[in-house]
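Peer 1: Quick one: sequence plus predicted model below, questions after.
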Amino acid sequence: METGLKDRVAIVAGSSSGIGRATALAFAAEGASVALCARRQTELDRVAQEARSCFGVQTFTQAFDVSDDADVRAFVQATHARFGRIDVCVPNAGGPPAKPFLETTMEEWERAWQLNLRSAISFAHAVLPHMRWQHWGRIVTLTSYTVKQPAPELILSNTIRAGVMGLVRSLAGQFGRDGITVNNVGPGFTATDRSRSLLEQRARNRNLPLQQIQSEVEKEIPIGRMARPEEVAATIVWLASEAAASITGQTILVDGGSYRGL
Ligand code: NAD
């Protein structure tokens, strides 16, 4: 499929590892210049180097915490100054901790809002003027399949990410005539550092081996395994492609069939 992403400029946040890293490399494979950010400069530089050496694209990296609104805006402006345009933006970061409701603190609620909702708002606010001026843009947020089917131990994520869905649907309505689409991808269990630490936590809580917990999880997934980060990345790239120009305001799950609703 011709994605039409060659020479476009894609911002991918949280791209030093996991799904973000795979997404940055997938855009690079399409010939897009990539702007990467996360908190760890060394890891970011490693991903950028991989993108340059494997795909010959231009890269830009900056290390900061995406929950800092001023840093997000400065990064978006620096990306624009570097490449002269911003075509795609993938707001992403780690997820909030898994905890029973009564064990959560107000500080954790504040942190979850800053990390998983306010950062998406900051990115959208900073990139949309550029996209509107170009009359072309794609925003693809990354949440979780639990936006459709809340998971009991993920109350912080379940609650805060519902706000991301509201943002995506609202922006899709407001900016469609500007050639901009806004969608959301909801991964299910995907083999990354994040899922490994969630499974390790379950193993500790139940005093069972990690392998047993992983088998239990995979038994519940209709395809019988976790997704690979590259499979989630491929869906994000497709949503950013020319072929997906008529898709907006949607949540696409990449969850191996884990969501049981219609
Ligand atoms: P990951 O932990 O492997 O990677 C997260 C990335 O975000 C890393 O590059 C990390 O450095 C960066 N990051 C974390 N906090 C940041 C911050 N404050 N500022 C800047 N960068 C930050 O996670 P992943 O598995 O790739 O998950 C990506 C997203 O998908 C997360 O929101 C996660 O909750 C969600 N998700 C993951 C799974 C899964 O099974 N892996 C399932 C459902 C949803």
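Peer 2: Received, thanks. Numbers count the residues shown, from 1 in each chain.

Peer 1: mind listing the helices for the stretch 1-150 of the chain?
Peer 2: Taking DSSP state H, counting those that start in this stretch as the criterion, the stretch 1-150 of the chain carries its helices at 18-29, 41-55, 69-83, 106-112, 119-134.

Peer 1: The fourth one - contacts with which helices or strands?
Peer 2: Under the contact criterion of 3 or more Cβ pairs under 8 Å, 6 or more residues apart in numbering; DSSP states H and E, the helices and strands touching helix 106-112 comprise helix 155-175. From N, CA and C alone the C-beta is placed, and that goes for glycine too.

Peer 1: starting at the chain centroid, how far to the helix it packs on?
Peer 2: For helix 155-175, the separation from the chain centroid amounts to 13 Å (computed by Cα atoms, centre = their mean, to the nearest Å).

Peer 1: Listing partners with orientation, what would you give for the helix or strand just after it?
Peer 2: For helix 155-175, the following helix or strand on the C-terminal side (DSSP states H and E) is strand 180-187. Within its sheet, and counting by DSSP bridges, strand 180-187 is paired with strand 137-142 (parallel), strand 251-254 (parallel).

Peer 1: got the contact list for the helix or strand following strand 180-187?
Peer 2: As assigned by DSSP H and E, the chain's next helix or strand after strand 180-187 is helix 193-206. Residues from elsewhere that reach helix 193-206 (Cβ atoms under 8 Å, 6 or more residues apart in numbering): 17-18, 94-95, 98, 189, 209-210, 212-214, 217, 226.

Peer 1: got a list of contacts for the next helix or strand after helix 193-206?
Peer 2: Following helix 193-206 in sequence order, the next helix or strand is helix 210-220 (DSSP H and E). Residues outside helix 210-220 that contact it (Cβ under 8 Å, 6+ apart): 189, 199, 200, 202, 203, 206, 224, 225, 226, 258.

Peer 1: pretty sure the last one is touching residue 221, no?
Peer 2: Yes - Residue 258 sits in contact with residue 221 when judged by Cβ atoms under 8 Å, with a separation of 5.4 Å.

Peer 1: Run the chain-centre distance for stretch 233-240.
Peer 2: Computed by Cα atoms, centre = their mean, the chain-centroid distance of stretch 233-240 equals 11 Å.

Peer 1: per-residue pLDDT, residue 201?
Peer 2: Predicted confidence (pLDDT) for residue 201: 88.

Peer 1: cool, the one 3 residues further on as well?
Peer 2: Confidence per residue is given as pLDDT, and for residue 204 that number is 94.

Peer 1: now the one 10 residues further on
Peer 2: Per-residue confidence at residue 214 stands at 95 (pLDDT).

Peer 1: Flag the shaky bits of the stretch 151-262 of the chain, pLDDT-wise.
Peer 2: Judged against pLDDT under 70, the stretch 151-262 of the chain has no low-scoring part.

Peer 1: Would you mind listing what in it touches the ligand?
Peer 2: Residues of the stretch 151-262 of the chain lying close to the ligand by Cβ under 6 Å from any ligand atom are 187, 189, 190, 192, 193, 194, 195.

Peer 1: May I see the contacts of helix 193-206 arranged in JSON lines, with neighbour count as well?
Peer 2: Shown next, in JSON lines, are the contacts of helix 193-206 (neighbours: other Cβ atoms under 10 Å):
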{"residue": "17", "neighbour count": "19"}
{"residue": "18", "neighbour count": "24"}
{"residue": "94", "neighbour count": "18"}
{"residue": "95", "neighbour count": "21"}
{"residue": "98", "neighbour count": "17"}
{"residue": "189", "neighbour count": "22"}
{"residue": "209", "neighbour count": "10"}
{"residue": "210", "neighbour count": "13"}
{"residue": "212", "neighbour count": "12"}
{"residue": "213", "neighbour count": "19"}
{"residue": "214", "neighbour count": "20"}
{"residue": "217", "neighbour count": "18"}
{"residue": "226", "neighbour count": "23"}
